[in-house]
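Participant: structure for the following, please:
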Amino acid sequence: MSSPVVIIGTGLAGYNLAREFRKLDTQTPLLLITADDGRSYSKPMLSTGFAKHKDADGLCMAEPGAMADQLNAEIRTHTRISGIDPGHKRLWIGEEAIEYRDLVLAWGAQTVQVPIEGDAGEWVFPINDLEDYARFRAAAAGKQRVLILGAGLIGCEFANDLTLGGYQVDVVAPCEQLMPTLLHPAAAAAVQDGLQELGVRFHLGPVLTRLQRAGDGLEAHLSDGTVIACELVVSAIGLRPRIDLAAAAGLQTNRGVVVDRQLRTSHGNIFALGDCAEVDGINLLYVMPLMACARALAQTLAGNPTTVSYGPMPVTVKTPACPLVVSPPPPGREGIWRVHGEGRDLKVLCHDADGQLLGYALTGAGVMEKLALNRQLPPLMA
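Facilitator: Residues are numbered from 1 along each chain as shown. Down below sits the predicted model:
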């Protein structure tokens, strides 16, 4: 029997690649390995579950057995890779060696964690996968007050979702505005206004210095002296691509696992895509580039080497209190931002010196113009 194509990871990247590959090749043995339970789900839906009253089972789209049948694949769950041996085209699970024809790293990103003083660290919950979500929902049952660390995209989405789910939400972040690496200040202010009207309370500037038990709840002590009463904490500080195993195997890494436009790492039979991959210098933690990579890599694995390209990659942020779509300018392209509209209905556009539209942030009713504007945007990676 020939060696299989092995995919490490059963998130959106791993499962979508497997689906695309099976459209082109139904015979090559396919093995998927995952450290979690292998259920198929859409990660962006994790920050919509409370408003929709859906538990982890409700967000699950298919069990691993059904996915194995659908993909004509073997799926090994709750399994951790202990090492990769590129020279001999094999990986290790403890003492077991598994040979591969091609290896794909689709193991995603891990949550950034910061140490917090106090005696209540077990009440801090990152929500990065379905099992995390299940743990948080169990802890949140019967609670009312949630503190969110981080005012980036994920923090804002969870603030909106938990408030719609009936929780009192405070957001703490050491920044001057929401989503500072993603949004123009005017768009950030519009989203903050919408979330505040919904009931979210923001504490921008200070950091959480201590979390301690206080009766039946918790006290969060901030660096400016503020004390917030809460019952559990969501950590949404950010994500960092998983690179440790790749680096230990001698693969080139930077922010992510470094790959070329065919998603090939510095070793010929190993590829990477999704949140862990840095594609031609770009690491994007979003669904649209992931899907483009899955289609291109499936072709390459099926014997038709294909270069991935990124067209415009707008990001829809799930903050229904103030709808938001943002398309940052391509890396290295500088332009001038101008704000059109008023209140929460803004169209914030970035043009270069020649008048070429490079990017935008649309809020409120402004999101209605996204399709027309997308046609004017340059590709992110031609």
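Participant: count the neighbours of residue 47 for me.
Facilitator: 25 (other CB atoms under 10 Å). All C-beta atoms are positioned from the backbone trio N, CA, C, and that covers glycine.
Participant: please enumerate the helices of the stretch 101-250 of the chain.
Facilitator: Using DSSP state H, counting those that start in this stretch, the helices of the stretch 101-250 of the chain run over residues 130-140, 153-164, 185-198, 244-248.
Participant: which one of those lies nearest to residue 380?
Facilitator: With CB to CB as the criterion, residue 380 lies closest to helix 153-164 of the helices of the stretch 101-250 of the chain, at 17.4 Å.
Participant: what packs against that closest one?
Facilitator: If you count contacts as 3 or more CB pairs under 8 Å, 6 or more residues apart in numbering; DSSP states H and E, helix 153-164 packs onto strand 145-149, strand 168-173, helix 185-198, strand 232-235, strand 315-317.
Participant: kindly recompute the last result at 7 Å.
Facilitator: Helix 153-164 sits against strand 145-149, strand 168-173, helix 185-198, strand 315-317, with contacts defined as 3 or more CB pairs under 7 Å, 6 or more residues apart in numbering; DSSP states H and E.
Participant: contacting residues around the helix or strand that the last one is followed by?
Facilitator: Next helix or strand after strand 315-317 toward the C-terminus (DSSP states H and E): strand 324-327. For strand 324-327, the external contacting residues (CB atoms under 7 Å, 6 or more residues apart in numbering) are 182-183, 187, 191, 312-317, 359-363, 367, 370, 377.
Participant: now strand 324-327 - C-alpha only, PDB.
Facilitator: Written as PDB, here are the backbone C-alpha positions of strand 324-327 (Å, rounded to 0.1, in the frame of the first residue of the first chain):
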ATOM      1  CA  LEU A 324     -18.600  46.100   9.800                       C
ATOM      2  CA  VAL A 325     -16.700  45.000   6.700                       C
ATOM      3  CA  VAL A 326     -13.000  45.900   6.400                       C
ATOM      4  CA  SER A 327     -10.500  45.400   3.600                       C
END
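Participant: identify the residues contacting whatever helix or strand comes next after it?
Facilitator: Sequence order places strand 336-342 as the next helix or strand after strand 324-327, per DSSP H and E. Taking contacts as CB under 7 Å, 6+ apart, the residues outside strand 336-342 that touch it are 184, 186, 346-351, 366.
Participant: check stretch 33-41 too.
Facilitator: Applying CB under 7 Å, 6+ apart, the external contacts of stretch 33-41 come out as 6, 8-10, 15, 59-64, 67, 75-81, 129-131.
Participant: derive a ChimeraX selection command for the buried subset of these.
Facilitator: Of those, the buried ones can be selected in ChimeraX as follows, counting by 16 or more other CB atoms under 10 Å:
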select :6,8,9,10,15,59,60,64,67,75,76,79,81,129,130
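Participant: the contacts of stretch 33-41 in helices, which ones?
Facilitator: 15, 59, 64, 67, 130-131 (DSSP state H).
Participant: between those, which is closest to residue 301?
Facilitator: Residue 301 has its nearest neighbour among the ones in helices among the contacts of stretch 33-41 in residue 15, at 14.7 Å by CB to CB.
Participant: skipping adjacent residues, who's closest to the closest one in space?
Facilitator: residue 40 (5.5 Å; CB to CB, 6 or more residues apart in numbering).
Participant: give me the phi and psi for the one you found.
Facilitator: phi -90, psi 130 (degrees, to the nearest 10).
Participant: from residue 26, how far off is it?
Facilitator: As judged by CB to CB, to the nearest Å, residue 40 and residue 26 stand 19 Å apart.
Participant: again, but for residue 288
Facilitator: Per CB to CB, residue 288 is found 27 Å from residue 26.
Participant: next one: residue 345
Facilitator: Distance, residue 345 to residue 26, using CB to CB: 50 Å.
Participant: neighbour-wise, which of those two wins?
Facilitator: For residue 345 versus residue 26, neighbours defined as other CB under 10 Å are more numerous around residue 345 (17 against 10).
Participant: nice, that's everything, thank you.
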